[in-house]
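Undergrad: My questions concern the predicted model and sequence given below.
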Amino acid sequence: MKMNEIKKLETTDLVERIEGEELKLRQMKINHTIAPLENPSQIKATRREIARMKTELRQRELNK
């Protein structure tokens, strides 16, 4: 998800998306410890996507 797509989301949708991605990240980490993922860079990409969403959420909090 690109930054311009993240900026278009409403705050409530953004919070829900963050929660979903964090759950997905935890599940991927668990699965990776049991059996290696085909593409372990997915973990890195998901982690960065969460960071982008949290950054946008924080920007909205500061601009209020």
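TA: Yes, it's here. As the structure is a prediction and not an experimental result, all values here were calculated from the model.

Undergrad: what residue is smack in the middle of the chain?
TA: Centroid-nearest residue in the chain: residue 50, 2.4 Å away (criterion: CA atoms, centre = their mean).

Undergrad: List the buried residues of the helix-or-strand element of the chain with minimal mean pLDDT.
TA: Scoring the helices and strands of the chain by mean pLDDT, DSSP states H and E places helix 3-8 at the bottom, with a mean of 92. With burial defined by 16 or more other CB atoms under 10 Å, the residues of helix 3-8 counted as buried are residue 6. Yep, even glycine has a C-beta here, placed from its N, CA and C like the rest.

Undergrad: Now do whatever helix or strand comes next after that helix: everything it contacts.
TA: Going down the chain from helix 3-8, the next helix or strand is helix 11-34, by DSSP states H and E. With contacts defined as CB atoms under 8 Å, 6 or more residues apart in numbering, helix 11-34 is touched by 6, 9, 37, 40, 42-43, 46-47, 49-50, 53-54, 56-57, 60.

Undergrad: And the least confident helix or strand of the chain, how far out from the chain middle?
TA: 13 Å (CA atoms, centre = their mean, to the nearest Å).

Undergrad: what packs against it?
TA: helix 41-63 (3 or more CB pairs under 8 Å, 6 or more residues apart in numbering; DSSP states H and E).

Undergrad: So which elements touch the helix it packs on?
TA: When contacts are defined as 3+ CB pairs under 8 Å, 6+ apart, helix 41-63 sits against helix 3-8, helix 11-34.

Undergrad: Select, out of those, the one closest to residue 64.
TA: helix 11-34 (10.2 Å; CB to CB).

Undergrad: still on that earlier bit, and the helices and strands packed on helix 41-63 as TSV, adding distance to residue 64?
TA: As requested, those are exported to TSV (distance: least, CB to CB, whole Å):
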stretch	distance to residue 64
helix 3-8	15
helix 11-34	10
